[in-house]
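Participant: Have a look at this prediction, sequence included:
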Amino acid sequence: MKLTCPCCGYVGEPEGYLSDVQWRDALSAALKLPAPLGDRLVRYVGLFRPRQRALSPDRAARILLELLEPISEARVERNGRSWPAPFEYWSSALDDMLSRRDTLQLPLKSHGYLFEIVAGIANKAEGRAETKREEGRAYPYSTTRSTDPEQIQKRAEMPAEFRDLVKRLRGGPRDDADKA
């Protein structure tokens, strides 16, 4: 029985994957990464494979090990800044790259584009959080507004004391004088 690695194209006996030190390193690196990213990462590593050759197990291991630290620490360094990068950001960024496979210049040489996407997602999330904080500062006393028509009408009504003051200033009779 022969197996074919989906990311690098290596074809060989199952024992070949475990007996070769380089393959063991690649498998070890893969097993240290979060399981839900596994399928995406295997396909992502395939983006580094030259068209007419298999990706060496050593290179596959290096690619995965380079991702291990940023993914496990949930941080990515980009443009001199450290961005938070939770699991969801990595998942979304990998999906984005894999969906653009046809437009990418393959084989990839580094993780730069992936890191740029993750930093962009983090930047957008930071912008949304900032907008939310600013909205909270602009309207500190009204975090939620009722859409109930009765509540809206109640807010729009002028208190009786103010209505009386307005009538007096205009020279008209007051409400309590009308009742007497």
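Facilitator: Ah, there it is.

Participant: Where do the helices of the chain begin and end?
Facilitator: Using DSSP state H, the helices of the chain run over residues 14-19, 21-32, 38-45, 57-73, 87-99, 112-138, 149-156, 160-170, 175-179.

Participant: closest to Gly80 out of these?
Facilitator: Nearest of the helices of the chain to Gly80, taken as C-beta to C-beta: helix 112-138 at 11.0 Å. Glycine gets a C-beta too; all of them are placed from N, C-alpha and C.

Participant: now the residue nearest to the spatial centre of the chain: how far from Gly120?
Facilitator: Closest residue to the average C-alpha location of the chain: Tyr89 at 3.3 Å, with C-alpha atoms, centre = their mean. The gap separating Tyr89 from Gly120 is 9 Å, by C-beta to C-beta, to the nearest Å.

Participant: pLDDT below threshold where in the chain?
Facilitator: The model of the chain has pLDDT under 70 over residues 1, 3, 5-10, 14-20, 22-25, 27-28, 138-147, 151-156, 172-180.

Participant: ok so, going back, and the closest residue to the residue nearest to the centre of the chain other than its chain neighbours, how far is that from Arg51?
Facilitator: Spatial nearest neighbour of Tyr89, chain neighbours left out: Ile121 (4.7 Å); criterion: C-beta to C-beta, 6 or more residues apart in numbering. Noted for Ile121: a distance of 30 Å to Arg51, by C-beta to C-beta.

Participant: Same check on Ala85?
Facilitator: Distance of Ala85 to Arg51, computed by C-beta to C-beta: 30 Å.

Participant: more crowded one of those two?
Facilitator: Set Ala85 next to Arg51 and count neighbours by other C-beta atoms under 10 Å: Ala85 wins out with 22 against 7.

Participant: Who are the contact partners of the more buried one?
Facilitator: Pro70, Ile71, Ala74, Arg75, Val76, Val118, Ala119, Ile121, Ala122 (C-beta atoms under 8 Å, 6 or more residues apart in numbering).

Participant: can you redo the helices of the chain as a markdown table with distance to Gln105?
Facilitator: Formatted as a markdown table, those follow (distance: least, C-beta to C-beta, whole Å):
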| stretch | distance to Gln105 |
| --- | --- |
| helix 14-19 | 30 |
| helix 21-32 | 24 |
| helix 38-45 | 15 |
| helix 57-73 | 17 |
| helix 87-99 | 12 |
| helix 112-138 | 10 |
| helix 149-156 | 56 |
| helix 160-170 | 69 |
| helix 175-179 | 78 |
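
Participant: which residues does Ala29 contact?
Facilitator: So Ala29 contacts Ala61, Leu64, Leu65, Leu68 (C-beta under 8 Å, 6+ apart).

Participant: Just the buried residues of those.
Facilitator: Buried members of the contacts of Ala29, counted by 16 or more other C-beta atoms under 10 Å: Ala61, Leu64, Leu65.
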